[in-house]
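Trainee: Got a predicted model here, sequence first, then my questions.
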Amino acid sequence: MAVAFRAIVCFIASELFALPVAAGEADLAAITANGGCPSCDLNLAEMRDLNLPNGDFNGADLREADLKGASLSGANFSRADLQRTELERAQLVGAEFSRARMRSADLEKADVSGARFERADLRQADLAEANLAGADLTEADLRGALLRRADVSRAVFLNAKMDDADLERSNAAGADFSGARMLYADLDRANAKGASFRGADLTAVRLSSADLTGANLTGADLTGAHLRRTNLSDADLSDVKGLSERRLAQACGNAATKLPAGFSIRPCSSQLPE
């Protein structure tokens with residue numbers, strides 16, 4: 001009986017949202033009562049400040065929907081279409097976004113800590129000042145994404161595509177960028193203490209004034225990387241590719257910095273060129 005009721009409510013909600021009109025209070029009430037609306041057409045829906053923890057929106061069409069300030073921690077958006085969706089300041093702790101389409105979505109200042117974004121499409125998404133601490137972005141597409149001043153500490157970006165991503169002044173302490181493709185990404189002034197860039201493609205990446213103390217860069221490609229005033233104390237640069245003495249001379253480290261044979265680094269206690 002409960003299954004039948006759920007199916008009826010979902011059908012009614014999908015019919016309502018198939019219309020090119022904004023969602024009304026009665027529609028939101030139905031979604032809340034039903035615990036979500038999987039596979040529903042919620043394109044352009046007005047759902048600002050929706051309070052529905054653990055809501056089910058699996059496979060839903062939420063393109064350009066307004067969910068600013070919504071409380072949706074633990075919600076399921078797996079395979080949902082969230083392109084250009086407004087999620088600014090939304091509470092999405094531990095939410096599921098695996099394989100979701102989120103191109104140009106607005107998650108500025110949203111809390112998506114512990115959320116799962118495996119293989120999600122986040123191209124050109126706005127995640128500025130968002131909290132992604134501990135989030136899983138394995139194989140996610142973050143090309144051109146804005147993560148300036150975001151908290152991505154302990155987040156996993158394993159094999160992610162991050163060309164031209166902007167992580168300036170982000171907190172990436174303990175983050176895992178192993179195998180990530182980060183061509184021309186911007187990590188200027190980022191805190192990447194203890195982060196792993198093992199095997200990552202860091203071609204032409206910007207790391208000016210970044211703190212990579214204790215970072216693991218073994219096997220990374222640093223061709224053309226900007227290392228001006230980069231702190232590499234205790235970092236492991238074993239087997240890195242594309243490193244040049246001229247560029248490394250702009251960085252600093254300490255006696256524990258592991259470098260390829262024949263390379264040296266100035267101590268961080270010395271004056272670096274401006």
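Mentor: Received the coordinates, thanks. Numbering: from 1, shown residues only.
Trainee: Please make it C-alpha for all contacts and neighbour counts, starting now.
Mentor: Will do.
Trainee: could you give the mean pLDDT of stretch 192-209?
Mentor: When pLDDT is averaged along stretch 192-209, the result is 98.
Trainee: contacting residues for the closest residue to residue 134 other than its chain neighbours?
Mentor: Excluding the flanking residues, the one nearest residue 134 by CA to CA, 6 or more residues apart in numbering is residue 155, at 4.2 Å. Listed by CA atoms under 8 Å, 6 or more residues apart in numbering, the contact partners of residue 155 are 132-137, 172, 174-176.
Trainee: Please tell me which one of the residues you listed counts the most neighbours.
Mentor: Most neighbours among those, by other CA atoms under 10 Å: residue 132, with 30 neighbours.
Trainee: List the contacts of the residue nearest to that one when sequence neighbours are not counted.
Mentor: Spatial nearest neighbour of residue 132, excluding adjacent residues (CA to CA, 6+ apart): residue 113 at 4.3 Å. Residue 113 makes contact with 92-94, 131-135, according to CA under 8 Å, 6+ apart.
Trainee: From residue 216, how far off is residue 240?
Mentor: With distances taken as CA to CA, to the nearest Å, residue 240 is found 10 Å from residue 216.
Trainee: quick one, helices of this structure?
Mentor: 2-17, 25-34, 245-248 (DSSP state H).
Trainee: Mind checking which of residue 240 and residue 216 has more residues around it?
Mentor: residue 216 (25 against 19).
Trainee: wouldn't the more buried one be in contact with residue 239 here?
Mentor: No: the pair residue 216 / residue 239 is not scored as a contact, 11.0 Å apart, by CA atoms under 8 Å.
Trainee: tell me the pLDDT at residue 22?
Mentor: At residue 22, pLDDT is 45.
Trainee: Distance of residue 227 relative to residue 167?
Mentor: 15 Å.
Trainee: Likewise for residue 68?
Mentor: Taken as CA to CA, the span from residue 68 to residue 167 is 23 Å.
Trainee: For those two, indicate the residue with more neighbours.
Mentor: residue 167 (29 against 22).
Trainee: any idea how far residue 66 is from that one?
Mentor: For residue 167 relative to residue 66 (CA to CA), the value is 25 Å.
Trainee: can you check residue 216 too?
Mentor: From residue 216 to residue 66 the distance is 40 Å (CA to CA).
Trainee: how far does stretch 205-218 sit from the chain's center?
Mentor: The chain centroid and the centroid of stretch 205-218 are separated by 18 Å under CA atoms, centre = their mean, to the nearest Å.
Trainee: Residues contacting it, please?
Mentor: Residues contacting stretch 205-218 (CA under 8 Å, 6+ apart): 182-200, 222, 224-240.
Trainee: Return the members of those residues classed as buried.
Mentor: 182-200, 222, 224-240 (16 or more other CA atoms under 10 Å).
Trainee: what's the distance between the residue nearest to residue 134 and residue 138?
Mentor: Where residue 138 is concerned, residue 155 sits at a distance of 9 Å (CA to CA).
Trainee: again, but for residue 43
Mentor: For residue 43 relative to residue 138 (CA to CA), the value is 27 Å.
Trainee: likewise residue 235?
Mentor: Residue 235 sits 23 Å away from residue 138, going by CA to CA.
Trainee: Low-confidence regions, this protein specifically.
Mentor: 1-26, 270-274 (pLDDT under 70).
Trainee: now do 90
Mentor: Where the chain drops to pLDDT under 90, the residues are 1-29, 269-274.
Trainee: hang on, residue 171 packs against residue 192?
Mentor: Yes: taking contacts as CA under 8 Å, residue 171 lies within contact range of residue 192: 6.6 Å.
Trainee: What is the neighbour count of residue 269?
Mentor: So residue 269, with other CA under 10 Å, has 9 neighbours.
Trainee: My guess is residue 44 contacts residue 65. True?
Mentor: Yes: taking CA under 8 Å as the definition, residue 44 is a contact partner of residue 65 at 4.2 Å.
Trainee: Nothing else from me, thank you.
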